[in-house]
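Peer 1: return atomic coordinates for the entry below.
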Amino acid sequence: MIPDRNAICRRHIRPMAPIPTGIPPDLSKLQPFSAMLFDVYGTLLVSGAGDIGFNQKPTESVDGGYDLLHRYGLHQTPDRLAEALELAIARSHDASRQLGIDYPEVDIVQIWRQVLGMDDISRVKNFALEYELMVNPVYPMPGLKDLLWACKTCTIPMGLISNAQFYTVCLLEWFLGTPLEMGGFDRRLLFFSWREGHAKPSMHMFNLAKAALLGMGIPAGSVLMVGNDMQNDILPAKAVGFKTALYAGDRRSLRLRESDIHCRDVSPDLTVTDLRQLIAGVDNP
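Peer 2: Below you'll find the model as predicted:
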């Protein structure tokens, strides 16, 4: 019997703490912001893989990988499955690039449907969620609920710009215990790569966010984008005029991109090592 998504989360989710980076916070430019946008993996969630994990292999154990395949009636090894997944993603990316998409994204449900040969979408989604939690265990960053509560209480619009899949939303809602919109996120400001077909560092989702915020009467310069990756988060956010905060609280996921020529002269406006450090920038505009 295949468990439901709540049972899958209970089965796999275990507490994890961030690993300090030794980088000191810099809050000298902290100010009240009219809206906040967040990356997810490595920023709001501790990520065992450091990022969304469908290009990884199951890490819980070899036996755990075989057990997962057995429970879903799949007769192949974890290694062969990971190879088939990687190939299907690469083919999808190649097709998208031929259409002119610079940083393409897949819908992992359709990829798994192809790899597994399953037509039962609910079953495919359950497998995808369980596989993701095995290759990329996640847990809320310290202070997550405190910051979100402060923003919600002060009616600061919150959004997400994330390289993500359907299960990203499932996991956030599991940890928050409520749908995203009830937790304070504005549905107009939710941008996920699997929905858009474009992955960061593409400007696509950032341009959409800027337009949505302007439609809400919020100029780019009063918006704070918080992310752990200089290339994927800070660089494109600054390009559209957002203020930026580099989340440097976990060694697993911090991406300084010091060898990337495009990031060498880019600096975040803030550096934070705990999400609660941003609460001082939460105020009614």
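
Peer 1: helices of the stretch 1-150 of the chain, residue ranges please.
Peer 2: For the stretch 1-150 of the chain, the helices defined by DSSP state H, counting those that start in this stretch occupy 5-12, 62-71, 78-98, 108-116, 121-135, 144-153.

Peer 1: how far out from the middle of the chain is the second one?
Peer 2: Right, helix 62-71. Centroid separation between helix 62-71 and its chain, computed with C-alpha atoms, centre = their mean, to the nearest Å, is 26 Å.

Peer 1: now that helix: buried residues?
Peer 2: Neighbour counts over helix 62-71 (16 or more other C-beta atoms under 10 Å) mark Gly65, Leu68, Leu69 as buried. Glycine gets a C-beta too; all of them are placed from N, C-alpha and C.

Peer 1: hang on, the earlier thing: can you tell me which of the helices of the stretch 1-150 of the chain the model trusts least?
Peer 2: Lowest mean pLDDT within those: helix 62-71, at a mean of 79.

Peer 1: re the thing from before, please identify which of the helices of the stretch 1-150 of the chain is closest to Pro236.
Peer 2: helix 78-98 (18.5 Å; C-beta to C-beta).

Peer 1: what packs against the closest one?
Peer 2: Helix 78-98 is packed against helix 62-71, helix 108-116, with contacts defined by 3 or more C-beta pairs under 8 Å, 6 or more residues apart in numbering; DSSP states H and E.

Peer 1: any chance of the ones you listed in a markdown table, plus distance to Tyr41?
Peer 2: Listed next are the helices and strands packed on helix 78-98 as a markdown table, based on distance: least, C-beta to C-beta, whole Å:
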| stretch | distance to Tyr41 |
| --- | --- |
| helix 62-71 | 21 |
| helix 108-116 | 14 |
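
Peer 1: okay if I get the helices of the stretch 1-150 of the chain as a markdown table plus distance to Leu45?
Peer 2: Below are these laid out as a markdown table (distance: least, C-beta to C-beta, whole Å):
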| stretch | distance to Leu45 |
| --- | --- |
| helix 5-12 | 13 |
| helix 62-71 | 21 |
| helix 78-98 | 22 |
| helix 108-116 | 17 |
| helix 121-135 | 12 |
| helix 144-153 | 8 |
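
Peer 1: closest to Asn232 out of those?
Peer 2: Among the helices of the stretch 1-150 of the chain, helix 78-98 comes nearest to Asn232, with 16.2 Å by C-beta to C-beta.

Peer 1: could you check the angle that closest one makes with helix 121-135?
Peer 2: 110 degrees (axes from the mean of the first three to the mean of the last three C-alpha atoms, to 10 degrees).

Peer 1: may I have helix 78-98 as PDB, with CA atoms only?
Peer 2: The C-alpha trace of helix 78-98 is given here as PDB (Å, rounded to 0.1, in the frame of the first residue of the first chain):
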ATOM      1  CA  PRO A  78      18.400   2.900  -7.600                       C
ATOM      2  CA  ASP A  79      21.400   3.600  -9.700                       C
ATOM      3  CA  ARG A  80      19.600   2.700 -12.900                       C
ATOM      4  CA  LEU A  81      16.600   4.700 -11.900                       C
ATOM      5  CA  ALA A  82      18.800   7.800 -11.200                       C
ATOM      6  CA  GLU A  83      20.500   7.400 -14.600                       C
ATOM      7  CA  ALA A  84      17.100   7.200 -16.400                       C
ATOM      8  CA  LEU A  85      15.900  10.300 -14.500                       C
ATOM      9  CA  GLU A  86      19.000  12.200 -15.400                       C
ATOM     10  CA  LEU A  87      18.700  11.300 -19.100                       C
ATOM     11  CA  ALA A  88      15.000  12.300 -19.200                       C
ATOM     12  CA  ILE A  89      15.800  15.600 -17.600                       C
ATOM     13  CA  ALA A  90      18.700  16.300 -20.000                       C
ATOM     14  CA  ARG A  91      16.500  15.500 -23.000                       C
ATOM     15  CA  SER A  92      13.700  17.800 -21.800                       C
ATOM     16  CA  HIS A  93      16.300  20.600 -21.200                       C
ATOM     17  CA  ASP A  94      17.700  20.200 -24.700                       C
ATOM     18  CA  ALA A  95      14.300  20.400 -26.200                       C
ATOM     19  CA  SER A  96      13.500  23.600 -24.300                       C
ATOM     20  CA  ARG A  97      16.800  25.200 -25.200                       C
ATOM     21  CA  GLN A  98      16.000  24.600 -28.900                       C
END
